[in-house]
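Visitor: structure for the following, please:
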Amino acid sequence: MNLYPGIARLYENRLLRTELECEQFDLALEGLAGDTEDAVIHQIFKIFDDDTEQEEVMFSLVHFVESVQMEMYLTQLLESLPDMMEHARNWAIVLNTRILNDDNYRKDYAEIAALMPVKVKRCLAFLLEEIKEDNPRLFERKANYILAKLK
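Guide: I've put the predicted structure just below:
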């Protein structure tokens with residue numbers, strides 16, 4: 001895997017098992033501040049890992065991706081979903097529930113998702129159905145809004 005240098009450092013420390021890994025992770029993320037090239041944002045989704053031991057530290061990565069330009073973030077997340085399902089399914093759910101809870105993001109996400117390849121649409125539909133099933137009262141209407149755009 002050929003990763004951007006700052007991304008490689010995040011990747012090496014993504015499991016956050018020790019204090020040193022947490023510090024290295026934070027430093028690498030700080031080093032990426034302001035770097036919002038498509039390639040960097042696309043690669044950053046490889047860092048999310050369900051085996052991460054310090055979820056609160058990993059949330060700094062959530063905040064980082066949410067801070068980039070909205071269309072770029074949403075597009076890169078969608079394109080990364082199939083890969084995330086293997087090692088970061090729970091983080092994909094976290095990111096998608098946060099999008100569902102924001103009216104502006106949800107609307108743009110649905111529009112961008114409608115233009116994605118079938119593989120991405122299927123992956124997103126699977127995730128949205130799972131989110132909806134876990135908390136129908138909160139997410140059914142919101143998830144159905146996006147699901148309707150995928151057809």
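Visitor: got a list of what residue 111 touches?
Guide: Going by C-beta atoms under 8 Å, 6 or more residues apart in numbering, residue 111 touches residue 149. Yep, even glycine has a C-beta here, placed from its N, CA and C like the rest.
Visitor: quick one: what helix or strand has it in it?
Guide: In the assignment (DSSP states H and E), residue 111 maps to helix 103-114.
Visitor: which strands and helices sit next to the lowest-mean-pLDDT helix or strand in the chain?
Guide: Within the chain, no helix or strand scores below helix 38-44, which has a mean of 85 by mean pLDDT, DSSP states H and E. Counting contacts by 3 or more C-beta pairs under 8 Å, 6 or more residues apart in numbering; DSSP states H and E, helix 38-44 packs against helix 5-12, helix 55-67, helix 70-87.
Visitor: mind putting these into JSON lines with mean pLDDT?
Guide: Output for the helices and strands packed on helix 38-44, formatted as JSON lines (pLDDT from 0 to 100):
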{"stretch": "helix 5-12", "mean pLDDT": "92"}
{"stretch": "helix 55-67", "mean pLDDT": "94"}
{"stretch": "helix 70-87", "mean pLDDT": "96"}
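Visitor: got those helices as TSV, with mean neighbour count and distance to residue 139 columns?
Guide: Shown next, in TSV, are the helices and strands packed on helix 38-44 (neighbours: other C-beta atoms under 10 Å; distance: least, C-beta to C-beta, whole Å):
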stretch	mean neighbour count	distance to residue 139
helix 5-12	18	30
helix 55-67	15	18
helix 70-87	18	17
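Visitor: surely residue 139 meets residue 129?
Guide: No. Under the criterion of C-beta atoms under 8 Å, residue 139 makes no contact with residue 129, lying 10.0 Å away.
Visitor: those two: who's more crowded?
Guide: residue 139 (19 against 13; other C-beta atoms under 10 Å).
Visitor: what separation do you get for the more buried one and residue 15?
Guide: 29 Å (C-beta to C-beta, to the nearest Å).
Visitor: who's in contact with the least confident helix or strand of the chain?
Guide: Residues contacting helix 38-44 (C-beta under 8 Å, 6+ apart): 3-4, 6-7, 10, 32, 61, 64-65, 68, 72-73, 76, 79-80.
Visitor: please identify which helix or strand holds the closest residue to residue 131 other than its chain neighbours.
Guide: Of all residues not flanking residue 131 in the chain, residue 139 sits nearest, at 5.2 Å (C-beta to C-beta, 6 or more residues apart in numbering). In this structure, residue 139 sits in helix 136-149 according to DSSP H and E.
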